[in-house]
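Enquirer: Predicted model and sequence follow; I will ask about them next.
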Amino acid sequence: MKKESIIRIATRASQLALWQSRFVASKLIALNPDLRIEFIEITTEGDRVLDMSLSKIGGKGLFIKELEVALLESRADLAVHSMKDLPNAISPEFCIASILGREDARDVLVTSSGYDLTTLPAGATVGTSSLRRRSQILALRRDLNIRDLRGNVTTRLEKQQSGQYDAIVLAAAGLKRLGLISTKCGYFGLDELVPAVGQGAIGVEVCTARTDVQSLVAPLNCESSANCVKAERSMNRILNGSCQVPIGGHAVIKNDKLVLTGVVASIDGQLLINRRLEAPKSDAERLGETLANRLIEAGADKILSAV
C-alpha cells in the first residue's frame, strides 16, 4: 500500500463489532503509521430483525451480506467479522485474508446471584438464541426453561438484569472485549459446553481481486488460530452446520498437535454425540473432514435431519 493510504473498514454498528474493527485498525496502524482508517458502519438484517430467532430467519449470513455488498461496490476495502458469524460457504469473490489471535472461546453463564449451571433452581429461565447452547445445556439440565434471547451484548445483559431471565449464556470473548466480565459470570468448560465454530476469533474479509489489501492485512494473521478455525470450519462444512443446527466445534494446539472436538445434539438435549481427534497442524482441513465423518458414522446425520 502507498503511504497516506486510506483504508475503509466495513463493520456492523454494535459496540462489539466496532470494538473488533477498531482493534484491527489499531493493529494495521501499528504496522503502517501513515495509514488512515475510516469506518463504514452498516446495520445488517440480522441486527434489524430481533423478534425472531436466527434459526428461523436465515442464519449466520444475515450478519455479513450487507458488508460484502459494501466490498463489492468499493465502498469499503475490508470487512471485520466474528468468525462464528460467517457461513460455511463464502463466495469466490471474497476471501478471509487474516484471522487474528483468538480470545477466550468459552461460553459464560450470567446471573444476578452468582449461580452456576448446577445450582440454578429447577425451572429457571435461561436465555440464549443459540440452538447449540440450548441443546447442550438441556443435555446437562433438562429441568431448565430455555427461552430465545436476541439483541446486542448490552441489551441481553439488561434483559437479564431486569429479571426477564434468571440467567443468560454469552460468549466470554465479547464480554471480555467490552470489559463486562464480572464475578457473577460463571465459565463453562470447553468440554462441558463445546463452543461455536470460530468462537472468539476475528476474521478480516477482503475481495479476492484486492491483492493489495490482502497483503496489507496478512501480517495480522495468527497461524495457530487460523489452523484451529480452519479445522472447525472444515468439520462444519461437511456437517452442513449453521446456527440453524445444534453443532459445536473447537480446536486447540496441544503438544504441537491440532486437537479438534465436535459435538452434535438434538434440540431437546436427549441425544448428544461427542467425538475428538488429533492430527498434525498442517492437516487442519482433513482433520475437520475426518471428525465430521466420525460424527456422521455415530448418528449425527440422523440428529441433524430431524432438526
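Expert: Good, I have the coordinates. Numbers count the residues shown, from 1 in each chain.

Enquirer: any idea of the mean pLDDT in stretch 140-147?
Expert: Stretch 140-147 carries an average pLDDT of 96.

Enquirer: Pull up the distance across stretch 191-211, start to finish.
Expert: By Cα to Cα, to the nearest Å, the extent of stretch 191-211 from end to end equals 39 Å.

Enquirer: Chain neighbours aside, what residue packs nearest to Phe23?
Expert: Nearest residue to Phe23 in three dimensions, chain neighbours excluded: Ile202, at 7.1 Å (Cβ to Cβ, 6 or more residues apart in numbering). No exception for glycine: its C-beta is placed from N, CA and C like everyone else's.

Enquirer: and the one you found, bridged to which residues?
Expert: Applying DSSP bridges to Ile202 gives these bridge partners: Ser82.

Enquirer: For it, the count of nearby residues, please.
Expert: Neighbours of Ile202 under the rule other Cβ atoms under 10 Å: 26.

Enquirer: Quick check: Ser21 is in a strand.
Expert: No - according to DSSP: H, G, I helix; E, B strand; the rest coil, Ser21 belongs to no strand; its state is helix.

Enquirer: Apart from its chain neighbours, what residue comes closest to it?
Expert: Thr11 is the one closest to Ser21 (Cβ to Cβ, 6+ apart), at 3.9 Å.

Enquirer: quick one on the thing from earlier: what's near enough to touch the residue nearest to Phe23?
Expert: 20, 23-24, 80-83, 99-100 (Cβ atoms under 8 Å, 6 or more residues apart in numbering).

Enquirer: Which one of those residues sits in the busiest neighbourhood?
Expert: Counting neighbours by other Cβ under 10 Å, Val80 leads the contacts of Ile202 with 27 neighbours.

Enquirer: Nearest residue to that one in space, please, no chain neighbours.
Expert: Using Cβ to Cβ, 6+ apart, the nearest residue to Val80 is Ser21, at 4.4 Å.

Enquirer: before we move on, what about Leu258?
Expert: Leaving aside its sequence neighbours, Leu258 sits nearest to Lys281 (Cβ to Cβ, 6+ apart; 4.9 Å).

Enquirer: my guess is the one you found contacts Val252, does it?
Expert: No - between Lys281 and Val252 there is no contact under Cβ atoms under 8 Å: 11.0 Å.

Enquirer: okay, and the common contacts of these two?
Expert: Common neighbours of Lys281 and Val252 (criterion: Cβ under 8 Å, 6+ apart): Leu258.

Enquirer: Which strand or helix spans Ile296?
Expert: Secondary structure from DSSP states H and E places Ile296 in helix 284-297.

Enquirer: how about Arg8, what does it touch?
Expert: Applying Cβ under 8 Å, 6+ apart, we find Arg8 in contact with 37-40, 75-78.

Enquirer: Equivalent analysis for Glu223, please.
Expert: Under the criterion of Cβ under 8 Å, 6+ apart, Glu223 has no contact partners.

Enquirer: Let me see the confidence value for it.
Expert: 97.

Enquirer: Could you do Thr11 as well?
Expert: At Thr11, pLDDT is 96.

Enquirer: Tally up the residues packed near it, please.
Expert: Neighbours of Thr11 under the rule other Cβ under 10 Å: 25.

Enquirer: Show me the strands in the stretch 201-307 of the chain, by range?
Expert: Counting by DSSP state E, counting those that start in this stretch, the stretch 201-307 of the chain has strands at residues 202-207, 247-254, 257-265, 272-280.

Enquirer: I'd guessed Leu260 sits against Lys281; true?
Expert: No - Leu260 lies out of contact with Lys281 (Cβ under 8 Å); the separation is 11.2 Å.

Enquirer: Neighbour count for these two, which is higher?
Expert: For Leu260 and Lys281, the more surrounded residue by other Cβ under 10 Å is Leu260, and the numbers stand at 25 against 17.

Enquirer: what bits of the stretch 1-150 of the chain have low per-residue confidence?
Expert: Along the stretch 1-150 of the chain, the model assigns pLDDT under 70 to residues 1-4, 45-61.

Enquirer: how does it look with 90?
Expert: 1-5, 43-65, 85, 87-89, 112-115, 129, 150 (pLDDT under 90).

Enquirer: which SS class is the spatially most central residue of the chain?
Expert: When Cα atoms, centre = their mean is applied to the chain, the residue found nearest the centroid is Lys84 (2.3 Å). For Lys84, the assignment made with three-state DSSP gives helix.

Enquirer: which residues does it contact?
Expert: If you count contacts by Cβ under 8 Å, 6+ apart, Lys84 has them with 60, 171, 196-201.
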